[in-house]
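Colleague: Sharing a model prediction with you, sequence too.
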Amino acid sequence: MKPFTYTRAASVEEAVRSASSVQGARFIAGGTNLLDLMKLQIETPAHLIDINHLGLDRIETTAGGGLRIGALVRNTELAADRTVRRDYAVLSRALVAGASGQLRNKATTAGNLLQRTRCPYFYDTRMPCNKRRPGSGCAAIKGMSRSLAVIGTSDACIAQHPSDMAVAMRLLDASVDIIGADGARRSVPIADFHLLPGDTPHIENALKPGELITSVTLPKPIGGTHVYRKVRDRASYAFALVSVAAVFDRDGQGRFAFGGLAPKPWRVAAADAAARSGAPAVAEAALDGARPTPLNAFKQQLTARTLASVFRQREARA
Amino acid sequence: MVAVELNVNGREAHLQLDPRTTLLDTLREHLHLTGTKKGCDHGQCGACTVIVEGRRINSCLTLAVMHQGDKVTTIEGLGTPERLHPMQRAFVTHDGYQCGYCTPGQICSAVAVLEEIEAGIPSHATDDLEKVAFSDAEVRERMSGNICRCAAYPNIIAAIRDVAGEDKA
Ligand SMILES: Cc1cc2nc3c(=O)[nH]c(=O)nc-3n(C[C@H](O)[C@H](O)[C@H](O)COP(=O)(O)OP(=O)(O)OC[C@H]3O[C@@H](n4cnc5c(N)ncnc54)[C@H](O)[C@@H]3O)c2cc1C
Ligand code: SF4
Ligand code: FES
Ligand code: FES
């Protein structure tokens, strides 16, 4: 790791103030992604602001009947929360499908949303990578692209977003609550939070420099049957090749969000609209416009098959 | 250098550390508690698992400075060769290892896994999110963050089942 200075922020105001006034400052939450990348010198912050002690670790119901999840709530706590298990089961299921028990004990809500891609060339500092070093090229497009995205990609980058949690949050129409250095607060729908790579794959989300996520808010529960199905190279402790989050209501309407396929949690209205037509139709709608590589084209069929499994699970639970 | 205070296995430790020092390196290099192992140093193997404030974590992916004042339990704190922790004894009884490199992490993790099941925390193997109960499938899933290159997995499960009091064979 490159040397850095460290402070433990005592308040949200202090955290955002120092983030905008200290050169090269970064927030550290669980540290499970940031420290991993700092060890490889892919991330080289000059200053770390520890945000673990700001009281952002609560889960509260909102006036509108929704749920406000503090940015520092651990993935374990969120998955185990009574309300989440009962009313937002797809979120519990997505969380426990991710990482390991040890990692979930540390990983936080905001850190999970902001975790960076698992593209093997992003991790290999000897290789060109537009995300790591803008303008250097993309080693993945003609390289080992098996795990990478098939849709929403660009000629500059085909990296996938690795989060499971974010897929369920996208399905549930969450919004990301943010505070800036000047204390101004705003809320960004999760659909607009993660950005597609375009020509600027190094810009991954709607956060402006120094902005802090304070919470993620879920709208009021939508009921229905909740399913999260993740397909990966081993049965546990591996990132998704394809994952599907789904909620079905009684009359067969459904909504779907996908992980492992795109640079952001993937959701398209046409796929939701195809719910009554069954798994192949949903898969086709979700992947309309896909541009896979020869090595990851299998994800298209895998998506249809994963959806078939999701539809079966729904029948079993309904 | 920054001053860091930890409570490790019931003892206060006062340290002066480079902020870059992980909790794992602090335990091994500064406190000479070499029971906790470094496998991958990237959260991928579980060899470095310790219990901090009652929860198992990967000590390689956290900084000691982030744990100011925290209580840390390592394999040395669970039990001693003279007074083994029940989980340590069960690993011996059931031959839950071969080379032993992953074992301290396995045991710390296993102790925490039984507490997590007891506390009703769901896992990927939990069928009904409201009903969390011990089963071999639960243990396998919950222990997936601890890799064993010697593949002692069946005996590790047997040891944990034994301590959980589920060994009805
Ligand atoms: C071996 C391994 C396997 C894994 N498998 C999976 C998996 O299968 N599925 C999955 O979804 N994830 C997986 N993960 C990733 C894991 O979920 C993330 O590392 C974790 O969620 C990151 O959270 P954190 O709190 O530790 O983030 P940190 O590492 O602390 O932070 C990540 C980034 O977010 C920024 N940040 C954090 N909090 C805030 C905030 N409040 N406001 C603004 N910026 C903030 C930090 O500055 C940093 O840039 C795995 C990780 C490892 C190491
Ligand atoms: S796919 Fe994106 S992250 Fe991977 S090498 Fe190309 S530019 Fe880098
Ligand atoms: S050394 Fe920490 S997980 Fe491998
Ligand atoms: S006993 Fe050798 S790695 Fe597990």
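Modeller: Sure thing, it's come through. Ligands and ions are numbered 1, 2, ... in the order given.
Colleague: Could you use CA atoms for every contact and neighbour count after this?
Modeller: Fine.
Colleague: The residue in chain A positioned nearest to ligand 4: how many residues sit nearby?
Modeller: Going by C-alpha to the nearest ligand atom, ligand 4 is nearest to A:Tyr237 of chain A, at 16.7 Å. By the criterion of other C-alpha atoms under 10 Å in any protein chain shown, A:Tyr237 has 24 neighbours.
Colleague: Is it in a helix, a strand, or coil?
Modeller: coil (DSSP: H, G, I helix; E, B strand; the rest coil).
Colleague: Surely it is in contact with B:Ser144?
Modeller: Yes: using C-alpha atoms under 8 Å, A:Tyr237 makes contact with B:Ser144 at a distance of 6.1 Å.
Colleague: Need the overlap of contacts for the two.
Modeller: A:Ser100 (C-alpha atoms under 8 Å, 6 or more residues apart in numbering or on different chains).
Colleague: tell me the SS of the closest residue to A:Ile59 other than its chain neighbours?
Modeller: Closest residue in space to A:Ile59, ignoring its immediate chain neighbours: A:Ile69 at 4.6 Å, by C-alpha to C-alpha, 6 or more residues apart in numbering or on different chains. State at A:Ile69, reduced to three classes by three-state DSSP: strand.
Colleague: ok, residue 144 - contacts?
Modeller: Since you didn't name a chain, this refers to chain A. Going by C-alpha under 8 Å, 6+ apart, A:Met144 touches A:Pro120, A:Leu295.
Colleague: Can you look at chain B instead?
Modeller: B:Ser144 sits next to A:Ser100, A:Ser236, A:Tyr237 when contact means C-alpha under 8 Å, 6+ apart.
Colleague: how about B:Asn155, what does it touch?
Modeller: Per C-alpha under 8 Å, 6+ apart, neighbours of B:Asn155: B:Phe91, B:His94, B:Asp95, B:Gly96, B:Tyr97.
Colleague: Oh, that last question was meant for A:Thr125, not what I typed.
Modeller: Under the criterion of C-alpha under 8 Å, 6+ apart, the neighbours of A:Thr125 are A:Leu40, A:Ile42.
Colleague: ok, now how distant is it from A:Arg132?
Modeller: Distance of A:Thr125 to A:Arg132, computed by C-alpha to C-alpha, to the nearest Å: 8 Å.
Colleague: and for those two, which residues touch both?
Modeller: What both A:Thr125 and A:Arg132 touch, as defined by C-alpha under 8 Å, 6+ apart, is the set A:Ile42.
Colleague: got the residues of chain A near chain B?
Modeller: Proximity of chain A to chain B (C-alpha under 8 Å from any C-alpha of the partner chain) is limited to residues A:1, A:3-6, A:8, A:30-32, A:35-36, A:50, A:76, A:79-80, A:85-86, A:89, A:93, A:96-97, A:99-103, A:105-106, A:236-237.
Colleague: What about those residues, which are in strands?
Modeller: A:Thr5, A:Tyr6, A:Arg8, A:Asp50 (DSSP state E).
Colleague: Which parts of chain B belong to which domain?
Modeller: B:2-77, B:86-164 (automatic domain parsing).
Colleague: Do the shortest one and chain A come into contact?
Modeller: This points to domain B:2-77. Yes: using C-alpha under 8 Å from any C-alpha, domain B:2-77 reaches chain A at B:19-20, B:42-43, B:46, B:49, B:55-58, B:61-62, B:66.
Colleague: Quick check: end-to-end length of that domain?
Modeller: This stretch, domain B:2-77, spans 25 Å end to end (C-alpha to C-alpha).
Colleague: Could you confirm whether it reaches ligand 3?
Modeller: Yes: residues of domain B:2-77 contacting ligand 3 under C-alpha under 6 Å from any ligand atom: B:38-48, B:58-60.
Colleague: Distance check, the residue most central in space within chain B against A:Arg255.
Modeller: Nearest to the mean C-alpha position of chain B, counting by C-alpha atoms, centre = their mean, stands B:Cys108 at 2.4 Å. Applying C-alpha to C-alpha, one obtains 40 Å for the distance of B:Cys108 from A:Arg255.
Colleague: same deal with A:Arg133?
Modeller: Taking C-alpha to C-alpha as the measure, A:Arg133 falls 37 Å from A:Arg255.
Colleague: One more: A:Ile190?
Modeller: Separation of A:Ile190 from A:Arg255 (C-alpha to C-alpha) stands at 15 Å.
Colleague: Please identify which of those two sits among more neighbours.
Modeller: A:Ile190 (25 against 22).
Colleague: returning to what we had before: farthest pair within the contacts of B:Asn155?
Modeller: Using C-alpha to C-alpha, the contacts of B:Asn155 reach their maximum pairwise distance at B:His94 and B:Tyr97, which is 8.6 Å.
Colleague: Quick check: neighbours shared by the two?
Modeller: With C-alpha under 8 Å, 6+ apart, B:His94 and B:Tyr97 have common neighbours B:Asn155, B:Ile156.
Colleague: who has more neighbours, these two?
Modeller: B:Tyr97 (21 against 17).
Colleague: what about stretch A:23-38, distance to the chain center?
Modeller: How far stretch A:23-38 lies from its chain's middle: 17 Å, per C-alpha atoms, centre = their mean, to the nearest Å.
Colleague: Tally up the residues packed near residue 129, please.
Modeller: I went with chain A, as the question did not name one. A:Cys129 has 25 neighbours, counted by other C-alpha under 10 Å.
Colleague: My question was about chain B, not that one.
Modeller: With other C-alpha under 10 Å as criterion, B:Leu129 counts 21.
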